[in-house]
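S.K.: Can you look at this prediction? I've put the sequence above it.
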Amino acid sequence: MICQQRRCARLSLWILCLLTSLTAHGGETPFFMAEKPGPHPVGLRVVEQYDYSRSFRPLTGALGKPSRGEFARPVQTLIWYPAAEVVDSKPMTAGAYIDLSATETSFGHPKPPTGGQAWWFEGWKQARTQPMLAARDAPLAPGQFPLVVYAPSFSSWSWENADLCELIASYGYVVIAGPGMGVARQSTHDVAGTNAQAQDISFLIGYAHTLPDADHSEVAVVGFSWGGLSNVFAAARDNRIKALVALDGSMRYFPGVVKQSGDVAPEKMTIPLLFFKGQASIEDQASLESRSNSGGPSVLNAWTHGDLISVNMLGFFHPEFLSMSQRNERLWQFDFPHWQTEADYGRADGITGYAWVARYTQKFLDAYLKHDSTALSFLKNEPSSNGVPLHVMAVDFRGATPPPASFESFRTEVGREGFEHAAQVYASILKREPNFKLSGEALESWIQELLEDGYSREATDIAQLDVQLFPSGSSYGSLGEAYAQSGRKDQAIDSYRQAVQKDPDNPFFKDRLAALQADRAPRK
């Protein structure tokens, strides 16, 4: 009852913020989260931890003397989660998030912003007291929830999109974020810097295994700008990641970095991607691409084997994808006036657009992590059918095409159709792709894997295909072992006899055949 009363009070506060914000500041519209939160109260936990597998501090400090203190990589970790209740917890404000930057890499030793950063922080003076949805250290809601990692932009803070992270958590997700860092604190527009942030993403996924409310089988990564490039690098190497969201991701502007990676291949990706596009001129995009040292093919055009939902945010410019940027008055004093002269969009449009970005992100996560067919239909609808106002967004849903045949896809299809149909599956693939060929080594490795895991019947089916395609001593030996482990001794003996005929100099085949025959012989 107390929790329900608290929930009603929080919804009333959200409505009050909406109404009062519309008339504040002499008709201007300071930012508020216009998207209604989900059914869960939201808790926030801040964890100061190190990735001890990587160094961070240089050996020599700024004074030219040996550095002191911890050398491991600090990862200030923010965790938003569905809470049981927030009655006795400390509510967050925008200022409370901003203050986390002071100890981001200097745990326990605050470092106030200086120079240009202090100038930017002054822009948040009016927003500091604005209430947020989360409450510090609220008790966990029962159950486990899909995991979402948020990857910040270039050299940015883990809380840069706190409103989005809070909203996602309110719909039943554990959301975890660390700072946007390159090899050192500052990111770099290159492969090394992108790799460093991609490693941070995988580090956080690994850390989430310590969280009792996180479902590690369903993982997505949401990234803004450079974080929307680093998450592609992470997904290419970490098969725990099942879906990606890119908020005006930098792979659109820096395809050369993807090309230079050597192992990040969008044409091989098979997971779904939700990509939000901000407004950028052809000239702006060409300028950004030139900074990546060399061009590269379009990542989005190559993303054909995973569902691609492209959302073109009309009149939305890059910083508006961040709730904390929209709260910063410096943005509107210096960046937005230039944009406003080119298009008839204002601050209220930014609030509306951000709310729809949040809703589409939540629906995407519901579709691909919670496997909600209604949410998938939402993504495929025309925006107007979902209630999107005119002149806000254009959406294109491009369904995945089957990837080229591979041994892994063959295994997947056999697992789906049944191991007894392995030969038919292979024949069907050859009809589609005549150049695809299985190898005996790969099949025998698979047979060994199945036998070690106790799947002797399935191993027998694959071994029979192996003998059919590659009738060698090795393949007959594998078939004999599969028969032996499944208790079919006569067939095992026959197969080992064939193995000895094919490879008479192999002592193992001879010994195994003799052992099987001795075991079958009647006892005297």
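M.R.: Sure thing, it's come through.

S.K.: rest of the way, CA atoms for contacts and neighbours
M.R.: Will do.

S.K.: how about low-confidence regions in the stretch 301-450 of the chain?
M.R.: 335-343 (pLDDT under 70).

S.K.: Pull out the buried residues from stretch 420-430.
M.R.: Residues of stretch 420-430 classed as buried by neighbour count (16 or more other Cα atoms under 10 Å): 420-423, 425-426, 429.

S.K.: neighbouring contacts of it?
M.R.: 405, 410, 413-414, 417, 436-437, 458, 461-462, 465 (Cα atoms under 8 Å, 6 or more residues apart in numbering).

S.K.: Confirm that Val219 lies within a helix, as I assumed.
M.R.: No: the assignment for Val219, made by DSSP: H, G, I helix; E, B strand; the rest coil, is strand rather than a helix.

S.K.: what's it in contact with, if anything?
M.R.: Val219 makes contact with 146-149, 240-243, 369, according to Cα under 8 Å, 6+ apart.

S.K.: got a winner among the residues you listed for most neighbours?
M.R.: Val148 (32 neighbours; other Cα atoms under 10 Å).

S.K.: tell me which element it is part of?
M.R.: According to DSSP states H and E, Val148 maps onto strand 145-151.

S.K.: partners of that strand in the sheet?
M.R.: strand 174-177 (parallel), strand 214-224 (parallel) (DSSP bridges).

S.K.: On the C-terminal side of that strand, identify the next helix or strand.
M.R.: Next along the chain after strand 145-151, taking DSSP H and E as the criterion, comes helix 162-170.

S.K.: Packing partners of that following helix?
M.R.: When contacts are defined as 3 or more Cα pairs under 8 Å, 6 or more residues apart in numbering; DSSP states H and E, helix 162-170 packs onto strand 42-55, strand 72-82, strand 131-136, strand 174-177, helix 323-326, helix 347-368.

S.K.: winner for burial among these?
M.R.: Of all the helices and strands packed on helix 162-170, strand 174-177 has the most neighbours on average by mean count of other Cα atoms under 10 Å, namely a mean of 29.

S.K.: picking up where we left off before, what are the contacting residues of the strand holding Val148?
M.R.: Contact partners of strand 145-151, identified using Cα under 8 Å, 6+ apart, comprise 158, 165, 172-180, 197, 201, 204-205, 208, 213-224, 227-228, 230-231, 369-370.

S.K.: at 7 Å instead, please
M.R.: 172-177, 180, 201, 213-216, 218-224, 227, 369 (Cα atoms under 7 Å, 6 or more residues apart in numbering).

S.K.: Next: stretch 494-501.
M.R.: With Cα under 7 Å, 6+ apart, stretch 494-501 has contacts from 472-474, 476-477, 479-480, 509-510, 513.

S.K.: 8 Å instead, please
M.R.: Contacts of stretch 494-501 (Cα under 8 Å, 6+ apart): 472-477, 479-480, 506, 509-510, 512-513.

S.K.: what would these look like in CSV with neighbour count, distance to Trp119 and pLDDT?
M.R.: Formatted as CSV, the contacts of stretch 494-501 follow (neighbours: other Cα atoms under 10 Å; distance: Cα to Cα, whole Å; pLDDT from 0 to 100):
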residue, neighbour count, distance to Trp119, pLDDT
Ser472, 19, 74, 95
Gly473, 22, 75, 95
Ser474, 23, 71, 95
Ser475, 28, 71, 95
Tyr476, 29, 74, 96
Gly477, 28, 73, 95
Leu479, 28, 72, 96
Gly480, 30, 75, 95
Asn506, 14, 77, 93
Phe509, 24, 77, 93
Lys510, 17, 81, 92
Arg512, 19, 78, 91
Leu513, 22, 81, 91
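
S.K.: and those, which of them are in helices?
M.R.: Here DSSP state H is the test, and the contacts of stretch 494-501 give 473-477, 479-480, 509-510, 512-513 as lying in helices.

S.K.: what about Ala127, helix or strand, and which?
M.R.: Per DSSP H and E, there is no helix or strand for Ala127.

S.K.: ok, it touching Tyr97?
M.R.: No: using Cα atoms under 8 Å, Ala127 is not in contact with Tyr97, being 11.1 Å away.

S.K.: Okay, and the beta partners of Ile79?
M.R.: The partner residues for Ile79, given DSSP bridges, come to Arg45, Ile176.

S.K.: and the gap between it and Leu204?
M.R.: 10 Å (Cα to Cα, to the nearest Å).

S.K.: got it, and Val232?
M.R.: Taken as Cα to Cα, the span from Val232 to Leu204 is 15 Å.

S.K.: Can you say which of the strands paired with strand 145-151 is nearest to Thr304?
M.R.: strand 214-224 (18.7 Å; Cα to Cα).

S.K.: what angle separates the closest one from helix 347-368?
M.R.: Orientation check (axes from the mean of the first three to the mean of the last three Cα atoms, to 10 degrees): strand 214-224 against helix 347-368 gives 140 degrees.

S.K.: got the buried residues for strand 214-224?
M.R.: For strand 214-224, by 16+ other Cα under 10 Å, it's 214-216, 218-224.

S.K.: Please identify which of those is nearest to Ala400.
M.R.: The closest of those, once distances to Ala400 are taken by Cα to Cα, is Ala220, at 17.7 Å.

S.K.: Report the beta-bridge partner residues of the closest one.
M.R.: Applying DSSP bridges, one finds that Ala220 bridges with Val148, Ala243.

S.K.: For it, list the residues it contacts.
M.R.: Ala220 neighbours (Cα under 8 Å, 6+ apart): 147-149, 241-245, 365, 369.

S.K.: what do you get if the cut-off is 10 Å, keeping everything else the same?
M.R.: 146-150, 175, 205, 231, 235, 240-245, 271-273, 365, 368-369 (Cα atoms under 10 Å, 6 or more residues apart in numbering).

S.K.: sorry, back to before: top of the contacts of stretch 420-430 by number of neighbours, please.
M.R.: Ile462 leads the contacts of stretch 420-430 on contacts (other Cα under 10 Å) with 26 neighbours.

S.K.: could you pull out the helices for the stretch 351-500 of the chain?
M.R.: Taking DSSP state H, counting those that start in this stretch to define them, one finds helices in the stretch 351-500 of the chain at 373-380, 407-417, 422-432, 440-452, 456-469, 473-485, 489-502.

S.K.: Now do the first one: everything it contacts.
M.R.: By Cα under 10 Å, 6+ apart, the surrounding residues in contact with helix 373-380 are 274, 309, 311, 360-368, 381, 385-386, 395-399.

S.K.: 6 Å instead?
M.R.: For helix 373-380, contacts defined as Cα atoms under 6 Å, 6 or more residues apart in numbering pick out 363, 367, 397.

S.K.: Please state the offset of it from the chain centre?
M.R.: Centre-to-centre, helix 373-380 and its host chain are 20 Å apart (Cα atoms, centre = their mean, to the nearest Å).

S.K.: and it with helix 347-368, angle?
M.R.: Using the same axes, to 10 degrees: helix 373-380 against helix 347-368 is 130 degrees.
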